[in-house]
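my questions are about this predicted structure, shown below with the sequence.
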Amino acid sequence: MRKMSAAAARRTALAAQGFAARRPSTTTRKSVLGAVARTQLLQLDSVSAVVRAHYAPVFSRIGGYDRTLLDDAAWSNGVRRPRRLVEYWAHEAALIPVEDWPLMRWRMRRYEHGRWDGVRRAKERNPTLGKDILDVITEVGAATAGEVERHLELDKPRPKGSWWNLSDTKMICEQLFAAGELSVDKRVGFARHYDLAERVIPPEILGRDVSETDAVRELVLRAGTALGVATETDLRDYYRLHRSQTEPAIADLVDAGELEPVEVTGWDKPAYLRAGASTPRRIEGAALLCPFDPLIFFRARTERIFDFHYRIEIYTPEAKRVHGYYVFPFLLNGELVGRVDLRAERAAGRLLVPGAFAEPGHRTPETAQVLTDVLREMADWLELDEVVIGERGDLAPLL
């Protein structure tokens, strides 16, 4: 079995995610989609403390770009510029390439009756609501759950104790989305506009039927491509698969020469190297990584590769937070060297940095200077005039 050093594995992982590539001189639809091709997916999240989560990984890899390029690729469709990305449950809610939609059909079948018990109870309360929703959307076109409710003239019954306080209509729309009957045509103000899947997914893709075995094998291969070198748990987590699915898929891919078993120094589990994965001699450059960046969203892998223990503290009471509400790890020359708590005050035109913390050995003027430049670049990308440094953290005085 081939042996890899931990440093080589880290460089391989970074290269697979696009951090060894030269940034484009100008950012276009092609370069935006090129970044997505590296990660295979972009996680969606409603938190907008700085910028929505799906925008940030592209910025981290190619620099400032027009976010409407990504919007158009996901939420518009035309003859000259067809839809390239679509929403579905991949690694949580995510944007994936349209052509990957059939690879999720097995999951859609499992979600036919909903992803959680609240949906099942909503269906019991309203046995015809699913059909009614489909009838409305068939007639009026893409619509939010609220718009569907108004067409149905419902008074939004809301079950007691519902954490999100979702109406039954919203829950059933989500169930139909999970089951693949509805897809998302567009978002306005981040609200999903549901439409029939047949009007969102091209017919040649919609008509593809892929068995669960073949689909899982392909998803594991995509995860391996995005990760470069990975353990079984890494490959499993990328698309939220089950061990009973990934182990046979990995065995098949090893037999086919697509994955190579390797032993990585210091890793406590066997690893698999993607055939053709690049291991550059060095990784140069800097980037701020949002909490949902595919490089770091599996925290166990982040700790294994970077020796960087990271947890998002959004749901931690303020008094108990260690680093802040919405903290971006700071990547510099292939290492995670700091943590930066960030907030965008759009009305005031300010990028706030309430706290900045260096990892051991990285509290240096050089780290601070590069971070200053990256913060200014982020502020320019978000069209914010000022970068305001707070007082928390050992890097803050140097900034």
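Right, received. Where do you want to start?

how many residues are close by the residue lying closest to residue 234 once chain neighbours are set aside?
Excluding the flanking residues, the one nearest residue 234 by CB to CB, 6 or more residues apart in numbering is residue 301, at 5.0 Å. Glycine gets a C-beta too; all of them are placed from N, C-alpha and C. By other CB atoms under 10 Å, 19 other residues sit near residue 301.

swap in residue 243?
Applying other CB under 10 Å, I find that residue 243 has 10 neighbouring residues.

wait, it touches residue 235, no?
No: taking contacts as CB atoms under 8 Å, residue 243 lies outside contact range of residue 235: 10.1 Å.

check what pLDDT the residue of the chain most remote from its centre gets.
The centre of the chain is farthest from one residue, residue 153, which by CA atoms, centre = their mean lies 35.5 Å away. Looking at residue 153, its pLDDT stands at 84.

for the nearest residue to residue 66 once chain neighbours are set aside, give me its contacts.
Distance criterion CB to CB, 6+ apart; nearest residue to residue 66, sequence neighbours excluded, is residue 27 at 6.9 Å. Counting by CB atoms under 8 Å, 6 or more residues apart in numbering, residue 27 makes contact with 62, 63, 64, 65, 66, 69.

can I assume residue 93 sits in a strand?
Yes: membership of residue 93 in a strand is supported by DSSP: H, G, I helix; E, B strand; the rest coil.

pretty sure residue 89 belongs to a strand, no?
Yes: assigned with three-state DSSP, residue 89 falls within a strand.

let's number from 23 now, not from 1
Shifting the count to begin at 23 puts that one at residue 111.

burial of it, as a residue count?
Look at residue 111: counted by other CB under 10 Å, it has 17 neighbours.

equivalent analysis for residue 245, please.
Neighbours of residue 245 (other CB under 10 Å): 25.

partners of the residue nearest to residue 166 when sequence neighbours are not counted in the sheet?
Nearest residue to residue 166, sequence neighbours excluded (CB to CB, 6+ apart): residue 213, at 5.0 Å. Beta bridges link residue 213 to residue 210 when assigned by DSSP bridges.

now for the lengthiest strand in the chain, which elements pack on it?
Criterion DSSP state E: the longest strand present in the chain is strand 357-367. Strand 357-367 sits against helix 321-328, strand 349-354, strand 372-380, helix 387-403, with contacts defined as 3 or more CB pairs under 8 Å, 6 or more residues apart in numbering; DSSP states H and E.

does anything pack onto the helix or strand harbouring residue 146? Which helices or strands?
Assessed by DSSP states H and E, residue 146 sits inside helix 139-147. Helix 139-147 is packed against helix 151-162, helix 190-200, with contacts defined by 3+ CB pairs under 8 Å, 6+ apart.
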